[in-house]
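Chemist: Need coordinates for the below:
(2 chains)
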Protein chains: 2
Amino acid sequence: MSQRSNGPYHLIYWPGIPGRGEFIRLALEEAGAEYTDTAQEEGGVQSVLSLIDKNYEGDECGPPPFAPPVLKHGDFRISQTPNILLYLAPRLGLAPDGDAIYQVNSLALTALDGLSNEPHDTHHPVASELYYEDQLEESKRRSESYRKNRLPKFLSYFERVLRPQAAQGRPWLYGETLTYADLALFQGIDGVKFAFPHALSRLEKSGEYPNVFRLYDAVKNRPRIKAYLASDRRQKYSMGIYRHYPELDDTE
Amino acid sequence: MSQRSNGPYHLIYWPGIPGRGEFIRLALEEAGAEYTDTAQEEGGVQSVLSLIDKNYEGDECGPPPFAPPVLKHGDFRISQTPNILLYLAPRLGLAPDGDAIYQVNSLALTALDGLSNEPHDTHHPVASELYYEDQLEESKRRSESYRKNRLPKFLSYFERVLRPQAAQGRPWLYGETLTYADLALFQGIDGVKFAFPHALSRLEKSGEYPNVFRLYDAVKNRPRIKAYLASDRRQKYSMGIYRHYPELDDTE
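Modeler: This is a model prediction of the structure:
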């Protein structure tokens, strides 16, 4: 099992938020993999800062990362959320063999685009370096567009992917078993549920996306995921990608 | 050469703009691969529309794509720009063997984030379904942030990746030969040069990113790329990701 070599995995990510690191954690947790996490370490933030320092030019482990999350595995270090998932998935049994992984990867990338990247921009539509309060009006407009147009568009898309699967008795986005795309869709929905609870309640009650919310529940009830979510390894939502500002949500 | 099987490649993308399809075209062109392109076909737009139709649930070739570009190769169909590049790169000789492809992939994803996804949002910061004119003031603020903060941050990052490479006499982002990450960086810079000519001229003249602009020139002068850029297969910039609105650029 050469794919299992190089020992435990090490996740380097900001402590105190689930953020983009959460997509990686869920893969590691679902697989029961051995890993360490800077979110659990004293001074973990320093590990992040030293890797993204403006003078750091990389080393024998790899080029410098642009931003966390970063995965270190033995002396191999990579960054970019979808890239880390792609590296882990075959090693953790979370992707099919052969070219089918590209099908799963396109679904995972779409979940990350629509349910992680776009939610970030709902509270930072003008500039990521400015405070939310300095782009409040723009955030309201962008959030309305997200809740009314973009989010339903993404949910409809995944419902459409899931419908022929469900007709064959399969609850997952691709193939017969859970993949990292399912974990990405779960976490994306969980994040937007935190950020926009009224909007998500409306969308769930509409009955237009039954398979999407069924998949969400199915992932949430996987034994290892359930145990993980109840543990203190799960970071609480706060001021990361997913933020709850009542003024950005549906009014009721 | 099983990786060369399944015949020519077929790119399905909006005609009339380089857009995200251009990252795929450059990989195919640099490799001298045999391919067809809906941008060159009568009624090519219908090929795109039928794949993203809200009732299309996919078929034996793959799940439905969320958006173009889409690549068809034999009876295998995938979507998402970085995913298509990842599929093509080993087949076209544009990525190193083994796990090093994950290093290249992180660099390509970063180039696509900073020089393709973020430029799109400079003219659509509030809502992708609204007209530019309905988000003009927000576009000005977002563009200023992009020109002054985000774009220099990405260029600094790539300069930092390139510096130790240059010290070894290597012009490319990773390893000794050109990869698809270099093509992605080239096209991203070419796009922002079109969108923000004054800003890019300022950044180039600053002398802070010599290796980035050297890589840009090196890709532009690759024999196949040079011939391609001069051909009518190269789509002209217009109203896609990269748009030139003088009011969003530096004032001089």
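
Chemist: So for A:S2, what's the pLDDT?
Modeler: On pLDDT, A:S2 comes in at 39.

Chemist: Ignore what I typed, I meant A:G7.
Modeler: Note for A:G7: predicted pLDDT of 86.

Chemist: Please name the residues that touch it.
Modeler: Shown in contact with A:G7 (CB atoms under 8 Å, 6 or more residues apart in numbering or on different chains): A:34, A:73-74. Every residue, glycine included, has its C-beta placed from N, CA and C.

Chemist: which one of these sits closest to chain B?
Modeler: Ranked by distance to chain B (CB to the nearest CB), these are led by A:H73 at 9.1 Å.

Chemist: That closest one pairs with what?
Modeler: Note on A:H73: beta-bridge partners by DSSP bridges are A:Y9, A:F76.

Chemist: Roughly how far does it sit from B:Y102?
Modeler: Separation of A:H73 from B:Y102 (CB to CB, to the nearest Å): 10 Å.

Chemist: coming back round to it: can you select the buried ones among the contacts of A:G7 for me in ChimeraX?
Modeler: In ChimeraX, this line selects whichever of the contacts of A:G7 come out buried by 16 or more other CB atoms under 10 Å in any protein chain shown:
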select /A:73
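
Chemist: Overlap of the contact sets of A:H73 and B:Y102?
Modeler: The contact sets of A:H73 and B:Y102 overlap at A:Y87 (CB under 8 Å, 6+ apart).

Chemist: what's the neighbour count on A:S50?
Modeler: 10 (other CB atoms under 10 Å in any protein chain shown).

Chemist: Could you do A:S156 as well?
Modeler: A:S156 has 14 neighbours, counted by other CB under 10 Å.

Chemist: Check A:A181 too.
Modeler: 29.

Chemist: you'd agree it is up against A:I101?
Modeler: No - under the criterion of CB atoms under 8 Å, A:A181 makes no contact with A:I101, lying 10.1 Å away.

Chemist: For A:Q187, give its distance to chain B.
Modeler: 18 Å (CB to the nearest CB, to the nearest Å).

Chemist: A:T110 too?
Modeler: Taking CB to the nearest CB, one finds A:T110 at 5 Å from chain B.

Chemist: again, but for A:E138
Modeler: Distance of A:E138 to chain B, given as CB to the nearest CB: 5 Å.

Chemist: now, which of the contacts of A:G7 sits nearest B:Y228?
Modeler: Ranked by distance to B:Y228 (CB to CB), those are led by A:H73 at 37.9 Å.

Chemist: so what's the closest one up against?
Modeler: Listed by CB under 8 Å, 6+ apart, the contact set of A:H73 reads A:6-7, A:9-10, A:87.

Chemist: show me what contacts A:A218?
Modeler: Counted by CB under 8 Å, 6+ apart, A:A218 has contacts A:P171.

Chemist: cool, A:L11 as well?
Modeler: Residues counted as contacts of A:L11 (CB under 8 Å, 6+ apart) are A:21, A:24-25, A:28, A:35-39, A:69-71.

Chemist: Would you mind listing which of those residues are buried?
Modeler: Burial by neighbour count, judged by 16+ other CB under 10 Å, picks out A:21, A:24-25, A:28, A:35, A:37-39, A:69-71 from the contacts of A:L11.

Chemist: give me the number of residues near the nearest residue to A:C61 once chain neighbours are set aside?
Modeler: In space, A:C61 comes closest to A:R77 once its chain neighbours are excluded; the distance is 3.9 Å by CB to CB, 6 or more residues apart in numbering or on different chains. Neighbour count for A:R77, taken as other CB under 10 Å: 23.

Chemist: In a strand, A:N55, correct?
Modeler: No - with DSSP: H, G, I helix; E, B strand; the rest coil as the criterion, A:N55 is assigned coil and is not in a strand.

Chemist: What confidence value was assigned to it?
Modeler: So A:N55 comes in at 96 (pLDDT).

Chemist: Please, which helix or strand holds the closest residue to it other than its chain neighbours?
Modeler: Computed as CB to CB, 6+ apart, the closest residue to A:N55 that is not its neighbour in sequence is B:R160, at 7.9 Å. If you go by DSSP states H and E, B:R160 is part of helix B:151-167.

Chemist: how about the CA coordinates for that helix, as CSV?
Modeler: The C-alpha trace of helix B:151-167 is given here as CSV (Å, rounded to 0.1, in the frame of the first residue of the first chain):
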residue,chain,number,x,y,z
LEU,B,151,-3.1,41.8,-8.1
PRO,B,152,0.2,42.9,-6.6
LYS,B,153,-0.2,40.3,-3.9
PHE,B,154,-0.6,37.5,-6.5
LEU,B,155,2.3,38.9,-8.7
SER,B,156,4.5,39.0,-5.6
TYR,B,157,3.6,35.5,-4.8
PHE,B,158,4.5,34.2,-8.2
GLU,B,159,7.7,36.3,-8.2
ARG,B,160,8.6,34.5,-4.9
VAL,B,161,7.9,31.1,-6.4
LEU,B,162,10.0,32.0,-9.5
ARG,B,163,13.0,33.5,-7.7
PRO,B,164,14.6,30.2,-6.5
GLN,B,165,13.8,28.7,-9.9
ALA,B,166,15.5,31.6,-11.7
ALA,B,167,18.6,31.1,-9.4
